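*Asks:* Just to be clear, the model below is a prediction. Sequence and coordinates:
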Amino acid sequence: MAIMQVRNVSKLFGPHAEQGLELLQQGWSKERIAKEKNITVGVNRATFEINQGEIFVIMGLSGSGKSTLVRLLNRLIEPTSGEILIHGQDLRKMNKEQLRNVRRKTISMVFQKFALFPHRTVVENAEYGLEIQKADKKKRREAALRSLELVGLKGWENKMPDQLSGGMQQRVGLARALANDPEILLMDEAFSALDPLIRRDMQDELIELQDKMKKTIIFITHDLDEALRIGDRIALMKDGSIVQIGTPEEILTQPANDYVERFVEDVDLSKVLTAAHVMRRPETITPDRGPRVALELMRERGISNLFVIDRGKHLLGVITAEDANHALRNNLKLEDIIIPDGPRVGPNTLLNELFEITSLSKVPLAVVDDGGKLLGVIVRGAVLGALAGESKNEEVKTNA
Ligand SMILES: Nc1ncnc2c1ncn2[C@@H]1O[C@H](COP(=O)(O)OP(=O)(O)O)[C@@H](O)[C@H]1O
Ligand SMILES: [Mg+2]
């Protein structure tokens, strides 16, 4: 369901901005309008919807209009034309009071520059948003402590910002936005100033957080890898226009035009695709079967091992054909030959990490969820195939 609808929204800067609208309609480029009319096109007739609970990424090079677009979404700036609806309500028709309510309860923004007050403690920074809303002292402290815990900063509440690393400071910024308990988080290049590794961690945590809290997140980035990693859908911007909206897969495999194609051609798939993309349906057996059944199953399917799962699909381990033969000869049970400690990864593990694990391991690599349920198996060939750009759709279907 759409939580926000953006219809034909433009933002032009300059003394006679409205004139530019007509010129855009006539097909003038941003460059020409700037040169001949001294009007800057920030956003050019953007139309899209944001679904409840998704991570919607707005991606584009510097100057493509991302920040302008995101500021329009909470009316920090006024559009030159177009409509923006939140829960079906027109943002532009709201009075001050209604707008204040939207900013209080519906949308919170996280900025790139950490924007922390140096002389306030971490928790005082986290509760700042609620403080200016004049929320009850005790309540706002509780909300701030809760959101600090959510972002992994329990124990740091009374530190000063300069005692924290860059990554932790950005977490405080995130906690401040979360303390409002908004439905929608707007994050403008929120991770762009972080070191790559810390940035990765933050991306993972954002995905996890979103999963837990079911927030709608509008995430701005100029980084394609980041967009592909965290976006449920991505809108790619160029010169103020949205040139394509799609899932990461769609953007990679069905680029809408030459621009998108060039944008994605250098993508390192090993840093984008995950275990979930390349896993296959695992062959399994329950431990109450005997070794003869196990061997028969392996023979039938032309494989040399099986995953052992319980009735709840939890992974117990792996058995090999060799061990099953041994068990058959020596009257052992299946339970006796389970190898319980084979390698396991989560569905979000990146391919470049899988590579190393699959090459080190003799038994197949299992993909399990947080609760230890078996989701799939990684076959080495599939990892290589995906990197070579084979169709990924086939593997995705076997996730069930
Ligand atoms: N307040 C402003 N006045 C004039 N031009 C602006 C203003 N804000 C942004 N722009 C212009 O709008 C375009 C888009 O900028 P911006 O939204 O900041 O891009 P991004 O966030 O993608 O880097 C740029 O050409 C920029 O110079
Ligand atoms: Mg920007």
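*Replies:* Great, that's in hand. Ligands and ions are numbered 1, 2, ... in the order given.

*Asks:* now the helices for the stretch 1-150 of the chain?
*Replies:* Applying DSSP state H, counting those that start in this stretch to the stretch 1-150 of the chain gives helices spanning 17-25, 30-37, 66-73, 96-101, 122-126, 128-132, 137-150.

*Asks:* which of those helices is buried the deepest?
*Replies:* Ranked by average neighbour count under the criterion mean count of other C-beta atoms under 10 Å, the helices of the stretch 1-150 of the chain are headed by helix 122-126 at a mean of 25. The way it works is simple: take the backbone N, C-alpha and C, and place the C-beta from them, glycine included.

*Asks:* Out of the helices of the stretch 1-150 of the chain, flag the one nearest ligand 1.
*Replies:* Shortest separation from ligand 1 across the helices of the stretch 1-150 of the chain is recorded for helix 66-73, at 3.2 Å, computed as C-beta to the nearest ligand atom.

*Asks:* Average pLDDT for that closest one, rounded please.
*Replies:* Per-residue pLDDT values across helix 66-73 average out to 96.

*Asks:* got it, and stretch 208-223?
*Replies:* Along stretch 208-223, the predicted local confidence has a mean pLDDT of 91.

*Asks:* Could you report the neighbour count for the residue lying closest to N74 once chain neighbours are set aside?
*Replies:* Computed as C-beta to C-beta, 6 or more residues apart in numbering, the closest residue to N74 that is not its neighbour in sequence is I107, at 4.7 Å. Other residues near I107 number 22, with proximity taken as other C-beta atoms under 10 Å.

*Asks:* So I107 is in contact with D181, correct?
*Replies:* No: using C-beta atoms under 8 Å, I107 and D181 do not qualify as a contacting pair, with a distance of 11.6 Å.

*Asks:* related to what we said a few turns ago, any chance of the helices of the stretch 1-150 of the chain in TSV, with distance to ligand 1 too?
*Replies:* TSV is the format used below for these (distance: least, C-beta to the nearest ligand atom, whole Å):
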stretch	distance to ligand 1
helix 17-25	10
helix 30-37	8
helix 66-73	3
helix 96-101	20
helix 122-126	25
helix 128-132	23
helix 137-150	26
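
*Asks:* thinking again about what came up before, now do the contacts for the residue nearest to N74.
*Replies:* Counting by C-beta atoms under 8 Å, 6 or more residues apart in numbering, I107 touches L73, N74, I86, P182, E183, I184, L185, L186.

*Asks:* and the gap between it and V345?
*Replies:* Summarising the geometry, the distance separating I107 from V345, computed by C-beta to C-beta, to the nearest Å, is 36 Å.

*Asks:* In the contacts of I107, find the pair that's most separated.
*Replies:* Taking C-beta to C-beta, the two most distant members of the contacts of I107 are I86 and L185; they sit 13.6 Å apart.

*Asks:* number of nearby residues for the residue nearest to K214 when sequence neighbours are not counted?
*Replies:* The spatial neighbour of K214 that comes closest, neighbours along the chain excluded (C-beta to C-beta, 6+ apart), is G53 at 5.0 Å. Other residues lying near G53 total 16 when counted by other C-beta under 10 Å.

*Asks:* Could you pull out the buried residues of stretch 259-266?
*Replies:* Within stretch 259-266, the residues that qualify as buried by neighbour count (16 or more other C-beta atoms under 10 Å) are V260, F263, V264.

*Asks:* can you check stretch 220-233 too?
*Replies:* Buried residues in stretch 220-233, counted by 16+ other C-beta under 10 Å: I220, T221, H222, L224, D225, E226, A227, L228, R229, I230, G231, R233.

*Asks:* This structure against ligand 1: which residues are in contact?
*Replies:* Residues of the chain lying near ligand 1 by C-beta under 6 Å from any ligand atom: F13, T40, G42, G60, S62, G63, S64, G65, K66, S67, T68.

*Asks:* so which of those would you say is closest to T216?
*Replies:* Taking C-beta to C-beta as the measure, T216 lies nearest K66 of those, at 17.3 Å.

*Asks:* which SSE is F307 in?
*Replies:* In this structure, F307 sits in strand 305-309 according to DSSP states H and E.

*Asks:* for that strand, what is the average pLDDT?
*Replies:* Averaged across strand 305-309, pLDDT comes to 95.

*Asks:* May I see the contacts of I107 organised as CSV, with distance to R141 added?
*Replies:* Compiled in CSV, these are given as follows (distance: C-beta to C-beta, whole Å):
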residue, distance to R141
L73, 30
N74, 26
I86, 29
P182, 18
E183, 23
I184, 24
L185, 21
L186, 25
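
*Asks:* Now, the residues you listed that are in strands?
*Replies:* When the contacts of I107 are checked against strands (DSSP state E), the matches are I86, I184, L185, L186.

*Asks:* if I pick the residue nearest the centre of the chain, what's in contact with it?
*Replies:* Centroid check for the chain by C-alpha atoms, centre = their mean gives I230 as the closest residue, at 2.0 Å. Listed by C-beta under 8 Å, 6+ apart, the contact partners of I230 are I55, V57, Q203, L206, I207, F219.

*Asks:* Let's see that with 6 Å instead.
*Replies:* Contacts here follow C-beta atoms under 6 Å, 6 or more residues apart in numbering; on that basis I230 touches I55, Q203, I207.

*Asks:* What is the most widely separated pair among the buried residues of stretch 220-233?
*Replies:* H222 and R233 (17.2 Å).

*Asks:* Against Q133, how distant is P364?
*Replies:* P364 sits 54 Å away from Q133 when distances are taken as C-beta to C-beta.

*Asks:* Of those two, which one has the most company?
*Replies:* Neighbour tally, P364 and Q133, criterion other C-beta under 10 Å: the higher count belongs to P364, 22 against 13.
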